[in-house]
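Undergrad: coordinates only, sequence not included:
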């Protein structure tokens, strides 16, 4: 915990308590860097408590803290994805944007990054979870995130200290579990057989996490494992309401 306090104190002045969160604030201007203390549970999602139950690390966030209280859909896709499923994922991202469905993702694979571009073309609640420490500056790639952060539509979070500048295979696994933990519902456009994404899907399904995927031959293993098929009739807003703890 000492490292996270040091990180905050380097950049911000003053501390205040907010729903069980440790918030470091800079002279009433600029973005906020938020330390979510493990075991401290902000209503209604109990974000810090749910993450803290699985990790001793606090959670850093840059942007609108209120987004962390929204029930969200987690979006995953393996780096290698069949072309038709990529198109369906882009259509789904557009649907999320049009219907105002909050989305959380690592936005790391090429398909996930394109979905981030789609989501941020309009006011949309998005949480970007990193497999490294927080960016020193709000990123402009794969899309200029500054307007969305300034408008309160995008929050960037990380469970890692600032000194970690590059993601690794292990931090990506931690990040993906965090994304799934903070989401009410999980969408996996494609998980390549034998991949770490496929292993995570099996873990989530075994734990009873609602997991959806496209009804396609490439996703046959996921569907057989218990994933639910995405259809035009899937009511995401209703699902988020039902699955929110």
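TA: Cool, got the structure. For clarity, every value in this text was computed on a predicted model and none was experimentally measured.
Undergrad: going on from the helix or strand that residue 174 is a member of, what's the next piece of helix or strand?
TA: Assigned by DSSP states H and E, residue 174 falls within helix 169-182. Heading C-terminal from helix 169-182, the first helix or strand you meet, by DSSP H and E, is strand 185-188.
Undergrad: what's the angle from the helix or strand just after that following strand to helix 169-182?
TA: Elements were assigned by DSSP H and E; along the chain past strand 185-188, the next helix or strand is helix 196-206. Angle of helix 196-206 versus helix 169-182, following axes from the mean of the first three to the mean of the last three C-alpha atoms, to 10 degrees, is 30 degrees.
Undergrad: Tell me which residues of helix 196-206 come out buried.
TA: Applying a neighbour-count criterion of 16 or more other C-beta atoms under 10 Å, one finds 197, 198, 200, 201, 202, 204, 205 buried in helix 196-206. C-betas here are computed from N, CA, C, even on glycine.
Undergrad: got the contact list for that helix?
TA: 76-78, 169, 172-173, 176-177, 180, 186, 188, 191-192, 211, 221-222, 225-227 (C-beta atoms under 8 Å, 6 or more residues apart in numbering).
Undergrad: Narrow those residues to just the buried residues.
TA: Looks like those have 76-78, 172, 176-177, 180, 186, 188, 191-192, 211, 221-222, 225, 227 buried, using 16+ other C-beta under 10 Å.
Undergrad: And the residue nearest in space to the middle of the chain, what's its pLDDT?
TA: Centroid check for the chain by C-alpha atoms, centre = their mean gives residue 104 as the closest residue, at 3.0 Å. Confidence at residue 104, expressed as pLDDT, is 97.
Undergrad: so where does it fall, helix or strand?
TA: strand 103-105.
Undergrad: And that strand, how far out from the chain middle?
TA: 4 Å (C-alpha atoms, centre = their mean, to the nearest Å).
Undergrad: tell me the strands in the chain, going along the chain?
TA: 15-18, 21-24, 33-36, 59-63, 73-76, 103-105, 126-129, 154-158, 185-188, 211-214, 228-230 (DSSP state E).
Undergrad: who does the fourth one touch, helix- and strand-wise?
TA: Helices and strands in packing contact with strand 59-63 are listed as strand 33-36, helix 47-52, strand 154-158; criterion 3 or more C-beta pairs under 8 Å, 6 or more residues apart in numbering; DSSP states H and E.
Undergrad: swap the cut-off to 6 Å and go again
TA: Where contact means 3 or more C-beta pairs under 6 Å, 6 or more residues apart in numbering; DSSP states H and E, strand 59-63 is packed against strand 33-36, strand 154-158.
Undergrad: The longest one to helix 169-182, inter-axis angle?
TA: Using the same axes, to 10 degrees, the inter-axis angle of strand 154-158 relative to helix 169-182 is 130 degrees.
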